[in-house]
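J.: Give me a model of this one.
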Amino acid sequence: MSSDSPTGTLTSTEAPDLGQKRTGHGALSGTITRMLRHEPDPSVGAWIRPRLAPFGDVVGSVVPRGFEAYARILHPVPAPLDDRTTVDTERHVRWADVAAVTGRTVHPTAQFWAVAARSQWRDQEPGTWAGGEPLEGDLGPDATHALVDVLARHAPGGGDAQVVVALWDGYGWIEGGGAVSVVSVDDDGVGAVRHPGPAFEPSVLRGPRLELPHREYLLFRGSLRDVTSLGHQVTPSWFEAQSPNLLWPVDGSWCVATEIDLDSTLVGGPRPLVRAVVECPGLEALDVHVDDPITIDSDHLNR
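T.: Next up, the predicted model:
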């Protein structure tokens, strides 16, 4: 994806095939869930709301309270190119790498703007860090695969364990139409703009949602191994992955939460699982407490 594309615009050098062929249970070819199937009964997530702290304040606002341990996975950061004026969206570094450049410290309640030595949140000046910003609301495909591998090692049934996936219903590509534009350029340099249709069949789009404070979600079921198939099939050769916003096994023994406005993913579960997440080489994760703050002003160490 072009790093300077307008919001909601996907840029490709290949003409997309956006026909209405079915690609999953309730999905059309604009978006693919592959082996995941739509879950029409939001009551499967009814256990979550009573266990959430007030919206937006602490770890327990995002991932349910009551688990034995918690971890915070920091989303990967696009690295700067050699010219230090643009970023390499294909190469990522850790927050610890950014801190090594800026002289700041990565800790459980760190905020990226402070680690990057920005003067304030959303400051556009690069300061001493010339790279990009971690994705908000998406763990990224490599880290998602690494996390799924850890979860599978600690789940009865491994990768075949049955899970529920919650997808925030506000992503533009879900409704399609004018919310997302696909810009393609053929071999002769002729450009074309297409607007993909809805990602899911009307029965899914009109179906009930899992309603949590300030958020509504479409639900899907499937095997843990199929979680990485969630995302947007922009063209036949271009798949834009999307990590689940909520993910839990049918027994509710753990939960993964990626809030759309946060640049980290939270995990709650048994202590051995959380320890494995923190120690996973493919993840940058820290132990956190369920009452640790997650607000933009919660980083008091790097001020």
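
J.: Tell me where the stretch 51-200 of the chain has helices.
T.: For the stretch 51-200 of the chain, applying DSSP state H, counting those that start in this stretch gives helices covering 95-102, 112-115, 141-153, 172-175.

J.: quick one: pLDDT of residue 102?
T.: In this model, residue 102 is scored at 92, pLDDT.

J.: contacting residues around it?
T.: Shown in contact with residue 102 (Cβ atoms under 8 Å, 6 or more residues apart in numbering): 115, 116, 117, 127, 128, 129. All C-beta atoms are positioned from the backbone trio N, CA, C, and that covers glycine.

J.: could you measure the residue lying closest to residue 174 once chain neighbours are set aside against residue 205, distance?
T.: Closest residue to residue 174 apart from its sequence neighbours, by Cβ to Cβ, 6 or more residues apart in numbering: residue 199 at 4.8 Å. Separation of residue 199 from residue 205 (Cβ to Cβ, to the nearest Å): 8 Å.

J.: Which neighbours do these two have in common?
T.: 174, 175.

J.: burial count for residue 296?
T.: For residue 296, the count of nearby residues is 15 (other Cβ atoms under 10 Å).

J.: same question, residue 55
T.: That count, for residue 55 with other Cβ under 10 Å as the rule, works out to 12.

J.: what sits against it?
T.: Contacts of residue 55 (Cβ under 8 Å, 6+ apart): 61, 213, 214.

J.: quick one on the thing from earlier: more neighbours, residue 199 and residue 205?
T.: residue 199 (28 against 15).

J.: what stretches of the protein score poorly on pLDDT?
T.: Residues of the chain that meet the criterion pLDDT under 70 lie in 1-34, 82-86, 120-127, 177-182, 184, 186, 189-192, 194-196.

J.: For the longest strand seen in the chain, give me every contacting residue.
T.: Longest strand in the chain, counting residues (DSSP state E): strand 215-223. Residues outside strand 215-223 that contact it (Cβ under 8 Å, 6+ apart): 25, 33, 35-42, 44-45, 159-170, 174, 200, 204, 207, 209-210, 230, 245-246, 260.

J.: Direction included, what does it pair up with?
T.: strand 37-38 (antiparallel), strand 162-168 (antiparallel), strand 210-212 (antiparallel) (DSSP bridges).
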